[in-house]
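K.L.:
generate coordinates for the sequence data below:
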Amino acid sequence: MSSFRNRPKDNYIHEADWNSLYVLTEHWKSDIVFYKEDLKFLHHLIEKYFIWMARKENIDMVREIEVSLIDTDKKCDKLVKQVDVHLHHLAELIDNPFAYDSHEFRTEHAQLEDNLTLFVKQFRANRKEVFSITEHVIDGEEMVKQLGLVS
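P.N.:
Just a heads-up that it's a prediction; the model follows:
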């Protein structure tokens with residue numbers, strides 16, 4: 001689906017042992033926690049420049065990105081919970097390999113990976129948009145200062 005996938009090969013999920021899948025899932029958790037912190041930074045960036053972004057010509061762009069960031073926050077929180085549950089199930093499988101249907105669990109593991117991939121795509125698009133809007137606003141303010149229209 002995208003370069004976010006961390007599998008060494010295509011059939012990895014169906015061939016890997018439980019310990020290897022646990023390590024992979026811990027890596028996903030680390031990534032998603034990082035993205036959660038980065039989302040806080042993006043919100044902070046919007047708040048910091050809100051006065052300039054809130055000008056009439058920028059307000060629609062800011063509103064759209066803020067709505068998208070809130071949606072991304074919700075997806076991130078949901079993924080954190082899903083990964084935690086998944087890690088718990090993997091720990092149970094390591095202790096008792098017959099605790100869950102292996103094929104069904106591996107299918108769910110692949111779905112979780114796909115959900116993470118979609119989240120990362122949305123996150124990256126939001127991040128790019130926030131930076132673009134911020135850059136637009138800062139460049140506009142610099143131009144106004146250079147023209148001497150504001151002291």
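K.L.:
do you know how far Lys128 is from Gln122?
P.N.:
For Lys128, the distance to Gln122 (Cβ to Cβ, to the nearest Å) stands at 11 Å. Just so you know, the C-beta spots here come from the backbone N, C-alpha and C atoms, and that holds for glycine as well.
K.L.:
ranges for the helices of the chain?
P.N.:
Secondary structure of the chain (DSSP state H): helices at 12-15, 18-48, 50-53, 56-95, 102-146.
K.L.:
and those, which one's lowest on average pLDDT?
P.N.:
Of all the helices of the chain, mean pLDDT reaches its minimum on helix 50-53 (a mean of 65).
K.L.:
re the thing from before, let's have the helices of the chain in CSV, adding mean neighbour count.
P.N.:
Shown next, in CSV, are the helices of the chain (neighbours: other Cβ atoms under 10 Å):
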stretch, mean neighbour count
helix 12-15, 16
helix 18-48, 15
helix 50-53, 16
helix 56-95, 15
helix 102-146, 15
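K.L.:
convert the C-alpha atoms of stretch 21-39 to CSV, please.
P.N.:
Extracted in CSV, the C-alpha atoms of stretch 21-39 (Å, rounded to 0.1, in the frame of the first residue of the first chain):
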residue,chain,number,x,y,z
LEU,A,21,5.0,-9.9,15.1
TYR,A,22,5.1,-8.6,18.6
VAL,A,23,8.3,-6.7,17.8
LEU,A,24,6.8,-5.3,14.6
THR,A,25,3.7,-4.2,16.5
GLU,A,26,5.8,-2.5,19.2
HIS,A,27,7.5,-0.6,16.3
TRP,A,28,4.1,0.5,15.1
LYS,A,29,3.2,1.7,18.5
SER,A,30,6.4,3.7,18.8
ASP,A,31,5.5,5.3,15.4
ILE,A,32,1.9,6.1,16.3
VAL,A,33,3.0,7.7,19.6
PHE,A,34,5.4,9.8,17.7
TYR,A,35,2.7,10.9,15.2
LYS,A,36,0.4,11.7,18.2
GLU,A,37,3.1,14.1,19.6
ASP,A,38,3.6,15.6,16.1
LEU,A,39,-0.1,16.3,15.8
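K.L.:
and for that stretch, what's in contact with it?
P.N.:
Stretch 21-39 is contacted from outside by 6-7, 13, 16, 69, 72-73, 76-77, 79-80, 83-84, 86-87, 90-91, 94, 109, 112-113, 116, 119-120, 123, 127, using Cβ atoms under 8 Å, 6 or more residues apart in numbering.
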